[in-house]
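>>> sequence and predicted model, in that order:
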Amino acid sequence: MVRKEKLRQVYFIERKFQTSFILKFCALIIVGSLLTGVLVYSLSQRSTTVVFEHSRALVKSTADFLLPLLIQTIIVVSIIVAIGTIILTMFISHSIAGPLYRLKKELGTVEGGDLTCDFILRRDDQLQDVANSMASMIKGLRDRISDLKNNWRNFKDNWDLLLEKELLSRPSQDIEKFNNIINDIDRNLDYFKI
């Protein structure tokens, strides 16, 4: 069987999950940048630097000299890294959220009794083991219910044959009871599509 590769068309599948995932990574980057700035600032408090401002030589603490540069650097780096993080985590979260969405959708299909589906994910998506297990489960259910339907048809045909030939010596009330049971089982078996 040749797998037809589906191209990604929608990037926000599970919006809540993906947004939370992206924001957590961005928060981590921002906290890391701020901690770096605070650490550099506090470590530079003990040293001094000679600065030329407006043609005058001034002696300042290194922390006071670096603070404006640190703030600008942290803001620029945080923005650049946050943009990169958003893009990267969107693709990473999509490879998780997409399969979860498909899994939820396929489970709804199976819940509706439709066992004709095959659960296959894109090659690069996460949760391949779950997809393979789901596909095996669906195939197993399909095979078992197919066998059950075939056995049931055989039983029903034999039952009908016995009724036609009037080989049963039961009262008509028992025959009607069996017919009701047969009809109930038929309805339940027809619920599944294989």
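On my side now, so go ahead. Numbering: from 1, shown residues only.

>>> for the rest of this, base every contact and every neighbour count on C-alpha atoms.
Will do.

>>> and the one helix or strand Leu23 maps to, what does it pack onto?
Assigned by DSSP states H and E, Leu23 falls within helix 15-43. Packed against helix 15-43 by the contact rule (3 or more Cα pairs under 8 Å, 6 or more residues apart in numbering; DSSP states H and E) you find helix 62-111.

>>> so the helix it packs on versus helix 15-43, what angle?
160 degrees (axes from the mean of the first three to the mean of the last three Cα atoms, to 10 degrees).

>>> C-terminal to helix 62-111, what's the next element?
Next along the chain after helix 62-111, taking DSSP H and E as the criterion, comes helix 128-165.

>>> gap between that following helix and the chain center?
31 Å (Cα atoms, centre = their mean, to the nearest Å).

>>> how near is the residue positioned nearest the centre of the chain to Asn150?
Compute the mean C-alpha point of the chain, and by Cα atoms, centre = their mean the closest residue is Leu100, 2.1 Å away. Distance, Leu100 to Asn150, using Cα to Cα, to the nearest Å: 34 Å.

>>> now do Leu88
For Leu88 relative to Asn150 (Cα to Cα), the value is 51 Å.

>>> pLDDT-wise, which helix or strand of this protein ranks last?
When each helix and strand of the chain is scored by mean pLDDT, DSSP states H and E, helix 172-190 comes last, with a mean of 75.

>>> which residues sit against that helix?
Contact with helix 172-190 is made by 145, 149, 156, as judged by Cα atoms under 8 Å, 6 or more residues apart in numbering.

>>> contacting residues for the last one?
Residues in contact with Lys156, defined by Cα under 8 Å, 6+ apart, are Ile182.

>>> repeat that for 10 Å
Shown in contact with Lys156 (Cα atoms under 10 Å, 6 or more residues apart in numbering): 150, 162, 179, 182-183, 186.
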